[in-house]
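S.K.: Return a 3D structure for these sequence lines:
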Amino acid sequence: MSAVNTGEPQVDVAIVGGGLVGASLALALAPTGLKTALIEGVAPDANTQPSFDDRTTALGNGTRRSFEALGIWSQVAPKAAPICRIHVSDAGRFGFARLEASEHGIDAFGYVVTNRVLGAALRASMTTLPNLDLRMPAKCTGVALHEGYVELETEPAAAPLRARLVVAADGADSKVRAAAGLAATLEDYRQVAIVSHVRSSRPADGTAYERFTPDGPFAVLPLFDGAYGVVWTLAPEAAERVLALSDKDYLAALQGEFGWRIGRLLSVGKRNAYPLKLSRAETLTGQRVVLIGNAAQGLHPVAGQGFNLGLRDAATLAELLAEIVRRDGPRADIGSPDVLREFVSRRAADRDGVTRFTDGLVKLFGDTRPGVPLLRDLGLLLFDLSPTAKQALSRLSWGFAGRTPRLGRGLGVMP
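M.R.: Below is the predicted model of the structure:
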């Protein structure tokens, strides 16, 4: 009798969402031998996956090591720009801080790459995995929780898929999270990030700039081809006006906002806008359901930590499942309450610390109460003079806070 008729699970793990974090988890699970299905609304050969666009992502060194262990860094590296130094400033004020990677004994704090490049590498590797059932394009339309499995309804219409564990990697507005009855809090920052690529008279040299303005952070990141990725954060009304500008006027506005540190701005590519919110699931797990990536927490991009944190979710889960399979065999109950509690425990310090850090930065540099900007600038200057503080921040900001999963150390999930 077939698994469909008996109610037995057809797969061990069903991942809903094939964006950057979901696809990374699929690769990480490959060595475990667990039968895995990936449900994603965009076909593998399509160029319309919204997660795989021209937004830039800053990859921490832990993320780079993870990609090395997953076998995809060689595809990403040629189009990844190293961040060799970071310049932080408070716009219109005297506070600033500088960090040099060489002072910390590393080549780079991280690497800037477009999501399109990451997506292409992940997709190419996924299609070669023998124990991965790619259900693409397909959308999850229903979730039914049972004692020994979760049943997923999908469109286009097909037989329900039963899995011993379902992983929600379907973004900040996760349908799986809602269907599983897992609550999340949402805070609207009332900010919009305008993302673009620009070229200037001074090509990128490995310096990343983060300037804090009353409207929000303004980031300029180096790209592999000498261009820059710009993230300009504005109030929604101001963002609407800026998006309506011609390219010439937009470049003039950028120049006026950022100044001449990278020379004269010469050209700009397509502009995209993204509303900024903090979303946070109140719990990471439910009945045979676990949340990772933006389904677990969606962060402000101010410190470039969203994807790095989400990848550590995926790496930790893959490592934990590998441990259970090694200990109890291929029929181990990978969706048991004990397993899910252990996942929550392993992610707690990293998740809480990074979330508080990024949210705190947004609110600290947006605080214009009398005296606060002065204290903030003094703090930046003291930070700039403190090697110990810089070392601590560089480790926290680039993926070394809390327990580091095996992938983050460049090791496979299976010893």
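S.K.: Name all residues that make contact with the nearest residue to residue 100 once chain neighbours are set aside.
M.R.: Spatial nearest neighbour of residue 100, excluding adjacent residues (Cβ to Cβ, 6 or more residues apart in numbering): residue 85 at 5.0 Å. Any C-beta I mention is one placed from the backbone N, CA and C, and that applies to glycine too. Contact analysis of residue 85 by Cβ atoms under 8 Å, 6 or more residues apart in numbering lists 98, 99, 100, 101, 206, 207, 208.
S.K.: which phi and psi does residue 89 have?
M.R.: Dihedral pair for residue 89: phi -140, psi 160, per degrees, to the nearest 10.
S.K.: Same question for residue 40.
M.R.: Per degrees, to the nearest 10, the backbone of residue 40 is at phi -140, psi 140.
S.K.: In contact with it, which residues?
M.R.: 17, 18, 19, 22, 49, 134, 135, 136, 137, 138.
S.K.: Write the PyMOL selection for whichever of those residues are buried.
M.R.: A single PyMOL command is used to select the members of those judged buried by 16 or more other Cβ atoms under 10 Å:
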select buried, resi 17+18+19+22+49+134+135+136+137+138
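S.K.: Which single one of the contacts of residue 40 is nearest to residue 59?
M.R.: Distance to residue 59, by Cβ to Cβ, is smallest for residue 19 among these, at 15.2 Å.
S.K.: Reformat the contacts of residue 40 as a markdown table; add pLDDT.
M.R.: As requested, these are exported to a markdown table (pLDDT from 0 to 100):
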| residue | pLDDT |
| --- | --- |
| 17 | 96 |
| 18 | 94 |
| 19 | 94 |
| 22 | 97 |
| 49 | 61 |
| 134 | 93 |
| 135 | 92 |
| 136 | 89 |
| 137 | 90 |
| 138 | 91 |
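S.K.: Between the contacts of residue 40, which sits nearest residue 216?
M.R.: Looking across these and measuring by Cβ to Cβ, the closest to residue 216 is residue 19, at 24.4 Å.
S.K.: does the closest one really touch residue 295, like I thought?
M.R.: No. When contacts are counted by Cβ atoms under 8 Å, residue 19 is not listed as touching residue 295 (10.0 Å).
S.K.: Return every residue with contacts to both of the two.
M.R.: 169, 171.
S.K.: which two from the contacts of residue 85 end up farthest apart in space?
M.R.: So, the contacts of residue 85 by Cβ to Cβ: farthest apart are 98 and 206, at 13.0 Å.
S.K.: helices or strands next to the longest helix seen in the chain in the packing?
M.R.: With secondary structure taken from DSSP state H, the chain has its longest helix at helix 337-365. Counting contacts by 3 or more Cβ pairs under 8 Å, 6 or more residues apart in numbering; DSSP states H and E, helix 337-365 packs against strand 216-222, strand 272-281, strand 285-286, helix 306-328, helix 387-397.
S.K.: now the shortest one: how far from the chain's centre is it?
M.R.: What it means is strand 285-286. Taking Cα atoms, centre = their mean, to the nearest Å, one finds strand 285-286 lying 21 Å from the centre of the chain it belongs to.
S.K.: elements contacting that strand?
M.R.: By 3+ Cβ pairs under 8 Å, 6+ apart, strand 285-286 packs against helix 337-365.
S.K.: which parts of the helix it packs on are buried?
M.R.: 339-340, 343, 346-347, 350-351, 354-355, 357-359, 361-362, 365.
S.K.: likewise stretch 170-187?
M.R.: Result for stretch 170-187 [16+ other Cβ under 10 Å]: buried residues 170, 171, 172, 174, 175, 176, 177, 179, 180, 182, 184.
S.K.: Could you tell me how far it lies from the centre of the chain?
M.R.: Worked out by Cα atoms, centre = their mean, stretch 170-187 lies 17 Å from the chain centre.
S.K.: ok, now stretch 118-135?
M.R.: Relative to where its chain is centred, stretch 118-135 has its mean C-alpha point 19 Å off (Cα atoms, centre = their mean).
S.K.: Span of it from start to end?
M.R.: Using Cα to Cα, to the nearest Å, the end-to-end distance of stretch 118-135 comes to 20 Å.
S.K.: quick one: contacts of that stretch?
M.R.: 11, 18-20, 23-24, 26-27, 30, 33-40, 44, 49, 51-52, 57, 67, 70-72, 75-76, 154, 158, 161.
S.K.: just checking, which of those belong to helices?
M.R.: Applying DSSP H to the contacts of stretch 118-135, the entries found in helices are 20, 23, 24, 26, 27, 67, 70, 75, 76.
S.K.: Looking at neighbours, which among those is most surrounded?
M.R.: residue 24 (31 neighbours; other Cβ atoms under 10 Å).
S.K.: Quick check, central residue of the chain?
M.R.: Geometric centre of the chain, nearest residue: residue 307, 1.3 Å, by Cα atoms, centre = their mean.
S.K.: where are the low-confidence patches of the stretch 151-300 of the chain?
M.R.: For the stretch 151-300 of the chain, applying pLDDT under 70 flags the ranges 157.
S.K.: Spell out, range by range, the strands that occur in it.
M.R.: Assigned by DSSP state E, counting those that start in this stretch, the strands in the stretch 151-300 of the chain fall at 161-168, 184-200, 207-213, 216-222, 228-234, 265-268, 272-281, 285-286, 289-291, 297-298.
S.K.: Redo the ones you listed as CSV? Include distance to residue 81.
M.R.: Formatted as CSV, those follow (distance: least, Cβ to Cβ, whole Å):
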stretch, distance to residue 81
strand 161-168, 31
strand 184-200, 12
strand 207-213, 9
strand 216-222, 4
strand 228-234, 9
strand 265-268, 18
strand 272-281, 20
strand 285-286, 37
strand 289-291, 31
strand 297-298, 25
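S.K.: Look up which residues are beta-bridged to the closest residue to residue 287 other than its chain neighbours.
M.R.: Nearest residue to residue 287, sequence neighbours excluded (Cβ to Cβ, 6+ apart): residue 145, at 4.6 Å. Judged by DSSP bridges, the bridge partners of residue 145 are residue 150.
S.K.: ok, now how distant is the spatially closest residue to residue 31 that is not a sequence neighbour from residue 68?
M.R.: Nearest residue to residue 31, sequence neighbours excluded (Cβ to Cβ, 6+ apart): residue 414, at 4.6 Å. Relative to residue 68, residue 414 is positioned 16 Å away (Cβ to Cβ, to the nearest Å).
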